[in-house]
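K.L.:
Give me a 3D structure for the following:
(2 chains)
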Amino acid sequence: MNRILRLAAAGLLIGAASPALALNICVEGAYPPFSEMAADGSVVGFDVDIANALCGQIGETCQMVKVDWDGIIPALLEKKCDAIVASMSITEERRQVIDFTKKYYQTPARFVAPKDSDLTFTPEGLAGKVVGVQRGTIHQAFMEGEFPETQLQLYGSQDEMTLDLTSGRIDAAMADSVALDLGFLKTPAGADYAFFGDSYSIPKYHGEGAGIGVRKEDTELRDKLSAAIDAIRADGEYEAIEKKYFDFDVYGS
Amino acid sequence: MRVDLVLRNWPLFAEGVWITLQLTLIAVAVGFAIALPAGLARARRAPFWEPVLGAYVYLFRGTPLLAQTFLIYYGLAQFGWIRSSWAWTFLRDPWWCAAIAFSLNSGAYATEIVRGAVATTPKGELEAAAALGLSPRQSTWLVLVPSALRRALPQYGNEVIFMLHGSAVASVITLRDILGAGRTLNAKFYLAYEGFLTAALLYMAITFLLVWLFRRLENRYLRHLGAAR
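P.N.:
A predicted model of the protein is given here:
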């Protein structure tokens, strides 16, 4: 019940931006453990901690602005925020609209399905099956490109997608492995589910990792943030945040 | 403006129009089938039905369509016994969830429209029917209902248009209706303006069609009341 209320609330409340002098950071709040809503209504997670660390590094105060995934690039372009820290993969398509810092993490994409699933996770095996993806993500592009015979069900957030996986409306879900692992498989709801198929990390679809999105004209901010990523990786702050959420390296090579 | 991308994705919008029309028509048809008996019963304060229908109307008019759709789609799916029952054949499918939510919602509003029209029927019409020797059943179906439905037409036209726009809620439960097509275009190419503008124009076109249709109906059935142009 709680989850439904949270979903309904997430759909209705598109966080109000306040006109402070601080740097406004767009976050999603529906992508655990990178970004999720705490009981008090604030957004918490790896993305948020990284954003705060970077802000500390460049000497700005930051304000988190919660925006639904669908509207997150428009929100940046309309100056409702100044940077997107929302596990957004750096892709060519997005580069045509916004600019990115260097990556701040990179993890492969995988399928998740019920433990007793007897499907083969190949383009032929999933032909005609229903797979959930989050609308407008690299995973949608990947599925459309490599699994053209699979029927896609599009969700506004990953939470809604895993909710439908547990109710059996979809045969499998495709998303980032880490987000699926910690946001779903390691939770009570995901107990009867497991990873299937290969680990995908194809630059054409999956990009160069997740970066921080900024407006194209803000080159100075972009360079400052990129330098800040290097700095928190060098001084151990990144590792400290990483340890809070993961027991493995999420930065990739 | 990237009109070319909208044109290249026209099948997305064509499919969207089809789904929106399906859902709106089903909701309005089922809604009417609920509203006619329910509206009559409410106007007459039928003893057993009154609290039941009152609660139904109150519930569905008192909560947003979005919440109703969420509760039917994500809410019912949380219960294992529903997932293992025959109902799951339908509730599994987002299309059916939307159709059920929209039908019940439209039915609640339409019930009140019918109730109002029945309750305001001039007494003289029923007295005339009685004077002609019509049985109560005859006077209901030959005089009261036709008279009330005629007068309900303008309001009903409004309800159909509200339902059309309300059906945009379908896109939050993964259906690719007109708004869903706009959202897909937005998500894929970051074309907020083009995608949603196309969706808005399509809704407008359907609305104009509905307005025209109801004006024709009013001209035909309300002419004698001098209300039509």
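K.L.:
which residue ranges form the helices in the chain?
P.N.:
Using chain A here. In order along the chain, chain A carries the following helices (DSSP state H): A:2-12, A:46-58, A:72-77, A:92-95, A:138-146, A:158-166, A:177-180, A:203-206, A:219-234, A:237-245.
K.L.:
oops, I was thinking of chain B
P.N.:
Using DSSP H, the helices of chain B run over B:3-8, B:10-43, B:49-62, B:65-70, B:80-83, B:88-91, B:94-119, B:123-131, B:136-138, B:145-166, B:178-189, B:192-221.
K.L.:
right, and the ones you listed - which one's nearest A:His206?
P.N.:
Comparing the helices of chain B by their distance to A:His206 (Cβ to Cβ), the top pick is helix B:178-189, with 16.1 Å. (C-beta placed from N, C-alpha, C; glycine too.)
K.L.:
ok, is that closest one in contact with chain A or not?
P.N.:
Yes - against chain A, helix B:178-189 shows contacts by Cβ under 8 Å from any Cβ of the partner chain at B:180, B:183-184, B:186-189.
K.L.:
contacting residues around that helix?
P.N.:
Taking contacts as Cβ atoms under 8 Å, 6 or more residues apart in numbering or on different chains, the residues outside helix B:178-189 that touch it are A:69-70, A:74, A:93, A:135-136, A:140-141, A:154, B:2, B:5-6, B:9, B:12-13, B:15-17, B:19-20, B:168, B:170-171, B:174, B:176, B:191-192, B:194-196, B:198-199, B:202-203.
K.L.:
Quick check: PyMOL command selecting the buried ones in these.
P.N.:
Only the buried entries of the contacts of helix B:178-189 go into this PyMOL selection, using 16 or more other Cβ atoms under 10 Å in any protein chain shown:
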select buried, (chain A and resi 69+70+74+135+136+140+141+154) or (chain B and resi 6+9+12+13+16+17+19+20+168+170+171+174+176+191+192+194+195+196+198+199+202+203)
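K.L.:
Tell me which residue of chain B lies closest to chain A.
P.N.:
Of all residues in chain B, B:Ala187 sits closest to chain A, with a separation of 2.5 Å (Cβ to the nearest Cβ).
K.L.:
Kindly compare burial across the helices of chain A and name the winner.
P.N.:
Most buried of the helices of chain A by mean neighbour count (mean count of other Cβ atoms under 10 Å in any protein chain shown) is helix A:158-166; its value is a mean of 24.
K.L.:
Quick one: mean pLDDT over that one.
P.N.:
Confidence for helix A:158-166, expressed as mean pLDDT, is 93.
K.L.:
Check stretch A:134-146 too.
P.N.:
Stretch A:134-146 shows an average pLDDT of 92 in the prediction.
K.L.:
okay, and the helix or strand of chain B with the least pLDDT?
P.N.:
Across the helices and strands of chain B, the lowest-confidence element by mean pLDDT, DSSP states H and E is helix B:3-8, at a mean of 84.
K.L.:
Give the other helices and strands that that helix contacts.
P.N.:
Under the contact definition 3 or more Cβ pairs under 8 Å, 6 or more residues apart in numbering or on different chains; DSSP states H and E, helix B:3-8 sits against helix B:178-189, helix B:192-221.
K.L.:
so the last one versus helix B:178-189, what angle?
P.N.:
Our comparison of helix B:192-221 with helix B:178-189, counting by axes from the mean of the first three to the mean of the last three Cα atoms, to 10 degrees, yields an angle of 170 degrees.
K.L.:
Low-confidence stretches in chain B?
P.N.:
B:226-229 (pLDDT under 70).
K.L.:
ok, which residues in it are in contact with chain A?
P.N.:
Going by Cβ under 8 Å from any Cβ, the residues of chain B near chain A are B:66-67, B:70-71, B:74-75, B:77-78, B:83, B:92-94, B:172, B:174, B:176, B:180, B:183-184, B:186-190, B:192.
K.L.:
on that earlier part again, tell me which of the helices of chain B lies nearest to A:Ile50.
P.N.:
With Cβ to Cβ as the criterion, A:Ile50 lies closest to helix B:178-189 of those, at 24.1 Å.
K.L.:
and residue 39, how many neighbours?
P.N.:
Picked chain A for this. When counting by other Cβ atoms under 10 Å in any protein chain shown, one arrives at 8 neighbours for A:Ala39.
K.L.:
my bad, chain B
P.N.:
Here the count is done by other Cβ under 10 Å, and B:Gly39 has 28 residues near it.
K.L.:
again with A:Thr122
P.N.:
Other residues near A:Thr122 come to 12 when the count uses other Cβ under 10 Å.
K.L.:
Who are the contact partners of it?
P.N.:
By Cβ under 8 Å, 6+ apart, A:Thr122 lies in contact with A:Gly197.
K.L.:
ok, back up a step: contact partners of the least confident helix or strand of chain B?
P.N.:
With contacts defined as Cβ under 8 Å, 6+ apart, helix B:3-8 is touched by B:13, B:185, B:189, B:191, B:194-195, B:198.
K.L.:
And the furthest pair within these?
P.N.:
Of all pairs drawn from those, the one with the longest distance (Cβ to Cβ) is B:Phe13 and B:Phe189, at 13.8 Å.
K.L.:
Now the residue of the stretch 101-250 of chain A found nearest chain B. Nearest residue, chain neighbours left out?
P.N.:
Nearest residue of the stretch 101-250 of chain A to chain B: A:Gly136, at 2.5 Å (Cβ to the nearest Cβ). What sits nearest to A:Gly136 in space, not counting adjacent residues and going by Cβ to Cβ, 6 or more residues apart in numbering or on different chains, is B:Ala187, at 2.5 Å.
K.L.:
how about stretch B:200-216: buried residues?
P.N.:
Neighbour counts over stretch B:200-216 (16+ other Cβ under 10 Å) mark B:202-203, B:206, B:210, B:214 as buried.
K.L.:
how about the residues you listed in CSV, adding distance to A:Ile229?
P.N.:
Putting those into CSV (distance: Cβ to Cβ, whole Å) gives the following:
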residue, distance to A:Ile229
B:Leu202, 44
B:Tyr203, 44
B:Ile206, 49
B:Leu210, 54
B:Phe214, 60
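K.L.:
Let me see the contact set for A:Val85.
P.N.:
So A:Val85 contacts A:25-27, A:47-48, A:50-51, A:54, A:104, A:212 (Cβ under 8 Å, 6+ apart).
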